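1. Show me the folded form of this:
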Amino acid sequence: MKKFAQYLLAASLGLGGTTAFADALTDAVKGEHRSADAKVRDEYRNPQQTLRFFGIQPDMTVVEIWPGGGWYADILAPMLKEKGNYVAAHFFIDEESHDYYRKSLDGFKDKMEKADHYSDVTLTAFHPGKAHDIAEPGSADAVLTFRNVHNWYMNGGKEDTDKAFESFFKALKPGGILGVVEHEMPESGNDAAMKDSGYMKRSVVMDAAKKAGFKLAESSDVNANPQDNADHPRGVWTLPPRLALDEKDREKYLTIGESNRMTLKFVKPKS
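-> Numbering: from 1, shown residues only. Here you go, the predicted model:
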């Protein structure tokens with residue numbers, strides 16, 4: 001009743017949508033269902049600022065691509081539960097799938113069964129070469145992908161990357177939003193490094209989006225880290241949280257922090 005009263009008061013002031021969004025997002029981010037380890041990463045992933053930038057509202061249909069263990073799902077699912085729809089386009093599994101993908105999907109399904117805020121989640125599958133129907137065509141208000149583009153590029157180059165963005169375009173309504181967060185390589189970097197470093201050039205992401213039909217609406221530095229030069233012995237996995245070199249230069253990489261990330265908001269044109 002208290003939240004409903006607050007909503008009505010805000011609406012009377014012409015601020016209902018904004019307040020409802022802020023309440024739903026803040027409640028989801030601060031919720032006790034999120035582990036302490038997950039919340040520690042808020043410093044680098046900036047979920048509230050990022051989702052505000054993408055314009056995600058509680059009454060939207062939002063597709064998240066490859067949610068993995070559910071870090072963002074634990075925010076989006078409760079935020080969208082009452083008025084919206086959260087679609088988890090998880091890993092596509094067949095006889096060729098790596099055990100990592102199987103275990104990740106099984107873990108996500110287990111989370112869905114045990115957590116009440118996942119009770120209304122729609123589970124679909126995505127693979128740039130094998131599974132493109134992430135949602136009903138033209139049904140999504142937003143498609144979000146967090147640190148995934150490098151996987152498609154590393155496995156299938158520009159072809160798989162282009163196919164991914166085409167799938168996102170197909171799922172979105174006219175005027176719908178595509179939000180992309182990705183580890184960023186300087187434009188002066190070696191193109192060949194994109195095949196194994198986990199970093200992508202912004203121009204490559206922009207080209208794939210443009211080819212699919214998207215228009216860039218805005219970019220943000222909310223997830224930028226100027227201390228990261230994207231040149232490390234084991235690519236992005238050298239940095240936290242992976243720290244692939246174990247104890248070697250550990251303090252150095254902890255001081256750098258997590259990767260420098262581009263945050264791009266694209267729109268599917270209305271006509």
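2. what about the helices in this protein?
-> Using DSSP state H, the helices of the chain run over 2-12, 16-30, 36-40, 42-45, 47-54, 73-80, 99-114, 149-171, 202-212, 250-256.
3. Select, out of these, the one closest to Val143.
-> Proximity to Val143 (Cβ to Cβ) singles out helix 149-171 among the helices of the chain, at 4.5 Å. C-beta: built from backbone N, CA, C; applies to glycine.
4. partner residues bridging Thr124?
-> Note on Thr124: beta-bridge partners Ala89, judged by DSSP bridges.
5. residues touching it, list them.
-> Contacts here follow Cβ atoms under 8 Å, 6 or more residues apart in numbering; on that basis Thr124 touches Val63, Val87, Ala88, Ala89, His90, Asp133, Ile134, Ala135.
6. Same question for Met262.
-> Contact partners of Met262, counting by Cβ under 8 Å, 6+ apart, are Val180, Val181, Glu182, Glu184, Met200, Arg202, Val205, Ser219, Asn223, Ala224.
7. which residue sits closest to it in space, ignoring its chain neighbours?
-> Glu184 (4.3 Å; Cβ to Cβ, 6 or more residues apart in numbering).
8. Contact partners for the closest residue to Phe146 other than its chain neighbours?
-> Leaving aside its chain neighbours, Phe146 sits nearest to Val181 (4.7 Å; criterion: Cβ to Cβ, 6+ apart). Under the criterion of Cβ under 8 Å, 6+ apart, the neighbours of Val181 are Thr50, Thr145, Phe146, Arg147, Asn223, Arg261, Met262, Thr263, Leu264.
9. can you rerun that using 10 Å?
-> Val181 is in contact with 45-46, 50, 53-54, 72, 144-149, 220, 222-223, 261-264, counting by Cβ atoms under 10 Å, 6 or more residues apart in numbering.
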